[in-house]
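Student: fold the following for me, if possible:
(one chain, ligands or ions: 2)
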Amino acid sequence: MGEHIVRALRGVSLDIEPGEFVAVTGPSGSGKSTFMHIAGCLDRPTTGQYFLDGRDVSQTSKDELARVRNEKIGFVFQGFNLLTRTSALDNVELPLLYRNKNGFKTAERHKRAMAALDAVNLGSRHHHMPNQLSGGQQQRVAIARALINEPSIILADEPTGNLDTRTSIEVMGIFQRLNRERGITVLLITHEMDIAEYGTRLIRFRDGRVVADQAVLHRRNADDELAALPPPEPDQISPPTEAAPAAQAH
Ligand SMILES: Nc1ncnc2c1ncn2[C@@H]1O[C@H](COP(=O)(O)OP(=O)(O)O)[C@@H](O)[C@H]1O
Ligand SMILES: [Mg+2]
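Tutor: Residues are numbered from 1 along each chain as shown. Ligands and ions are numbered 1, 2, ... in the order given. Sure thing, here's the model as predicted:
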């Protein structure tokens, strides 16, 4: 930053094995997002090396990095990052459009996107716009979008930061299921301890360094917790509203 050098990460060294569910935690400004951006091939480290599937990608060109990212990594963010005025189905299909030129035909894209929406239990809402979906549903659309290229890793940066408790547990249940059933490696960033406990391993950052790296002793199980909760309120999704008629002057 101008004359001032910010060291977002310093001396971080760790290995993550396929199939792990890693929760990364730490106070604001501790380097969590920077770590995720490097792990997700969104950024390259100034110095040091990053091996992804045995390949050093620390000096890879930006185009090649984008290819690796599209092929191997799915992203989920706190703010969902869906395109507005674009249906759930089209949002989920989007990453397929960035594949090589002779990618999938329209029908195949629809089929894949529907399968991804079904995997997060949203198939019936594929035609809804983001503003017609609750926060939890929007985040599930974002997870479906992250799944569309069949990634080996999902990176989620504060995915429950904008969600209420029940919805947070539902989203964590989806990550646990994808990790368990498909063997997808999950890297979850959160500053909430109770959310971190859905993972198998906890890494804590502070001032750009790893200050703790341990197994989660009492792992939470989202499906069990959901089963024990009272049933959810009926969906409060209202149909798109027509423009209100202008007030009549008397
Ligand atoms: N693009 C940037 N330019 C300058 N400083 C940055 C940038 N991104 C992050 N930082 C700084 O690096 C440190 C780590 O930030 P970040 O990785 O975003 O932490 P966290 O996600 O844990 O809040 C912070 O001090 C932050 O201000
Ligand atoms: Mg952050």
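Student: tell me who's in contact with residue 139.
Tutor: Applying Cβ atoms under 8 Å, 6 or more residues apart in numbering to residue 139 gives the contacts 76, 80, 159, 160, 162, 163, 167, 171. Quick note: C-beta positions are derived from backbone N, CA and C, even for glycine.
Student: cool, and residue 14?
Tutor: 203, 210, 213.
Student: now those residues: which count as buried?
Tutor: Buried subset of the contacts of residue 14 (neighbour count, 16 or more other Cβ atoms under 10 Å): 203, 210.
Student: ligand 1 contacts on the protein?
Tutor: 1, 6, 8, 26, 28, 29, 30, 31, 32, 33, 34 (Cβ under 6 Å from any ligand atom).
Student: among those residues, which ones lie close to ligand 2?
Tutor: 32, 33 (Cβ under 5 Å from the ion).
Student: by neighbours, which of the residues of the chain next to ligand 1 wins?
Tutor: With neighbours taken as other Cβ atoms under 10 Å, the top of those is residue 32, carrying 24 neighbours.
Student: next, the contact list for the residue of the chain found nearest ligand 2, please.
Tutor: Residue nearest to ligand 2 within the chain (Cβ to the ion): residue 33, separated by 3.2 Å. Applying Cβ under 8 Å, 6+ apart, we find residue 33 in contact with 157, 189.
Student: give me the three-state assignment for it.
Tutor: Here residue 33 takes the helix state, with states given by DSSP: H, G, I helix; E, B strand; the rest coil.
Student: per-residue pLDDT, it?
Tutor: On pLDDT, residue 33 comes in at 93.
Student: just to revisit the earlier point, nearest to ligand 1 among the contacts of residue 139?
Tutor: Taking Cβ to the nearest ligand atom as the measure, residue 159 is the one of the contacts of residue 139 closest to ligand 1, at 13.5 Å.
Student: beta-bridge partners for the closest residue in space to the closest one that isn't next to it in sequence, please?
Tutor: Of all residues not flanking residue 159 in the chain, residue 76 sits nearest, at 4.8 Å (Cβ to Cβ, 6 or more residues apart in numbering). The residues listed as beta-bridge partners of residue 76 by DSSP bridges are residue 156.
Student: how many neighbours does residue 76 have?
Tutor: Residues near residue 76, counting by other Cβ under 10 Å: 26.
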